[in-house]
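Trainee: structure of the sequence below:
(chains A and B)
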Number of protein chains: 2
Amino acid sequence: MTAEKDAKPQAHPPGSTIGILGGGQLGRMLALAAGELGLNCHIYCPAEDSPAFDVARGVTCAPYEDEDALAAFAEAVDVVTYEFENVPDKTASFLSERLAVHPNAQVLATTQDRLVEKTFLQENGFAVAPFAKVDSVEDLEAAIVKIGVPAVLKTRRFGYDGKGQTVISDTSDLAGAYAEIGNSPAILEARIDLEREVSVICARAQGGQIATFDIAENVHQNHILHTTTVPASLALGMLEEARAIGSKVAAALDYVGVLAVELFVERDGALLVNEIAPRVHNSGHWTQDGCLISQFEQHIRAVAGWPLGSAARHSNVLMTNLLGDDIHNWRQLAAEPDVRFHDYGKSEARQGRKMGHINRIFPLDTGT
Amino acid sequence: MTAEKDAKPQAHPPGSTIGILGGGQLGRMLALAAGELGLNCHIYCPAEDSPAFDVARGVTCAPYEDEDALAAFAEAVDVVTYEFENVPDKTASFLSERLAVHPNAQVLATTQDRLVEKTFLQENGFAVAPFAKVDSVEDLEAAIVKIGVPAVLKTRRFGYDGKGQTVISDTSDLAGAYAEIGNSPAILEARIDLEREVSVICARAQGGQIATFDIAENVHQNHILHTTTVPASLALGMLEEARAIGSKVAAALDYVGVLAVELFVERDGALLVNEIAPRVHNSGHWTQDGCLISQFEQHIRAVAGWPLGSAARHSNVLMTNLLGDDIHNWRQLAAEPDVRFHDYGKSEARQGRKMGHINRIFPLDTGT
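Mentor: Residues are numbered from 1 along each chain as shown, chains lettered A, B, ... in the order given. Predicted structure coming up:
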């Protein structure tokens, strides 16, 4: 369809093209959601066999540093978003000079660095685990004195799924611990006595409208998300508190799009912010089959300047990730009643690689 | 992923490619559903601006008679299906000689011709409105004597959305009536005293497994589907009868894929088969948001040799088609709570053209 005459400058009607940096499963599911809205996607990713390429109208396979390719990409699309938080600074600023990038480049700068992120959270009044900056073994010794053990030493950048971190339980070999994470700029965080982990998936539109999905409870195995259960088994007050944290983080970042906030629930019931993911998130995959509007559609709506949809839930959901060889059970999984099977179209089922997920749905509890 | 060692010959694992003849909105929604399963699609369509092209990995834009293009298409895909029933005979047989085409070519031959279809239905014991073959004005006169008025004169082929048909209420100008439908090979059908129209959407797998969605009630405006409501307001016994008709038609056709059977409900409560659509169907669009597994996913599963999913419904649904300029209300429609907005990505909003639809969901009735 043609552009509406009364469209606001930032609103992109059906027929517009959303540029997505990153071509993994999140990009793929974003593109599929955009397709239902009559929006086109153009995927930019350096990897040739990117899953998102197969479902998008436009494709650029080039390094993130290739300014010619980026310039052509900027010409080809109406607005830019991304499916991963490690978009290089220069890529984000190059594109931001040419057209709107949502979420904004400052969000990337904040969330790419654990120290900057934790400092941002603390300065904005969110509870976080005690932390300290570590740039040397001497820093680490001082940090241990301040924070105690057990503690977790994490690289400031590029950590995910437990990579780039190590637990420190005794202090006899701090140099060894620092070497273990590559002697990189790091952060030491107190290890929390966890009751459980939950996350809040929150969408924020360009005008500030917010839609928050119900709080999800996450179980990890080997530092990789294993299951998400909705609703989370938290007291009502804590659910409300978690939702409020998501909304406040989104507002504090002047965020546009879907954001995930991972929260630690301490044994005493306190909620601590663990980390922010400035993108759709694995712990929001349940929304595909538990809600009318998924996290992927909400993100596309926000980025395209559309109104958000309702985040209401029509079913309870248990999401289970399919890693590596799990995907070879596709036939059995697809045959299970009340299960929706999702496959990311990846060609190689390497160990621990996220290959797909299943959502098992249950009727809403009628009691309260 | 790689093919399973124990895969049956006809089963196509994630990573396989489904070839789809036709690139309209049904092809687009099939491709989006395939994408969630890790399957690729290759769309074959003569029209350059086909909506399905934008969400598929492979695209062939060529006439259905182009045997070089068809041969290359057959090489590029693992199995073929179609999104419209007017696939030329020669196209279907050319492809069927090279690889599996689901539903089979005989289904096309039966459903492309109203006379053949009605005869098939009658011979298999399904109730249909009285009908007669019309190849001339003399035939029409004889048919009117047999069937009476009011009656509907329809071309045997290529009719849709009320095109190629005329109602005969008086018999003064039968030559004029026959000229009105182009003096084409035709069928005269008794006009039914309708209570309502319903449809049954039924999926049948390669092994004969059947999954039938709940019966939907349809309201047409100007011969074009306007709304579908689920559940239909029929007595339980009639709902069961309608479901059984769908299953029996699918079995009688040795059908693989999703099939729609449109039923007339007479004022006396009898169910008559109006027509069979050998494809996913507009009156099944509600399944996208009322069921865990949509008609589109069920069709892809059946064609790819996967087990069918459950056809259970988690919500009540009111589907409304968006024709022509209706689509320009996208912003208001997308903002409505409990509504999911679907846009087919068509560039030109011609009057009466199907541009999108909305599904409005409601909690399941708790009473019975």
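
Trainee: where does chain A dip in pLDDT?
Mentor: A:1-9, A:160-161, A:366-368 (pLDDT under 70).

Trainee: hmm, 90 instead?
Mentor: Within chain A, the stretches with pLDDT under 90 are A:1-10, A:158-164, A:193-195, A:223, A:365-368.

Trainee: okay, now the domains of it?
Mentor: Following automatic domain parsing, chain A resolves into domains at A:17-101, A:130-190, A:194-363.

Trainee: quick check: A:I18 is in a helix.
Mentor: No: assigned with DSSP: H, G, I helix; E, B strand; the rest coil, A:I18 falls outside any helix and is strand.

Trainee: separation between it and B:Y64?
Mentor: 32 Å (Cβ to Cβ, to the nearest Å). The way it works is simple: take the backbone N, C-alpha and C, and place the C-beta from them, glycine included.

Trainee: biggest helix in chain A, by residue count?
Mentor: helix A:236-252 (DSSP state H).

Trainee: would you mark the buried spots in that helix?
Mentor: By 16 or more other Cβ atoms under 10 Å in any protein chain shown, the buried positions in helix A:236-252 come out as A:238-239, A:241-243, A:245-250.

Trainee: number of nearby residues for A:S136?
Mentor: With neighbours defined by other Cβ atoms under 10 Å in any protein chain shown, the count for A:S136 comes to 13.

Trainee: get me the contact residues on the stretch 201-350 of chain A for chain B.
Mentor: A:289, A:292-293, A:301, A:306-307, A:309-310, A:312, A:314-315, A:327-328, A:330-331, A:334-335, A:337-349 (Cβ under 8 Å from any Cβ of the partner chain).

Trainee: which single residue of the stretch 251-368 of chain A ends up nearest chain B?
Mentor: Relative to chain B, the nearest point of the stretch 251-368 of chain A is A:D343 (2.8 Å; Cβ to the nearest Cβ).

Trainee: show me what contacts that residue?
Mentor: A:322, A:327, A:330, A:355-356, B:1, B:14, B:36-39 (Cβ atoms under 8 Å, 6 or more residues apart in numbering or on different chains).

Trainee: redo that, cut-off 7 Å
Mentor: A:327, A:330, A:355-356, B:14, B:37-38 (Cβ atoms under 7 Å, 6 or more residues apart in numbering or on different chains).

Trainee: among these, name the ones in helices.
Mentor: Those of the contacts of A:D343 lying in helices (DSSP H): A:W330.

Trainee: between the contacts of A:D343, which is nearest B:A203?
Mentor: Checking the contacts of A:D343 against B:A203 by Cβ to Cβ gives B:L37 as the nearest, at 14.2 Å.

Trainee: how near is the closest one to A:A334?
Mentor: Following Cβ to Cβ, the distance that separates B:L37 from A:A334 is 8 Å.

Trainee: same check, this time on A:G148
Mentor: Distance from A:G148 to A:A334, by Cβ to Cβ: 49 Å.

Trainee: same question, A:F120
Mentor: 43 Å.
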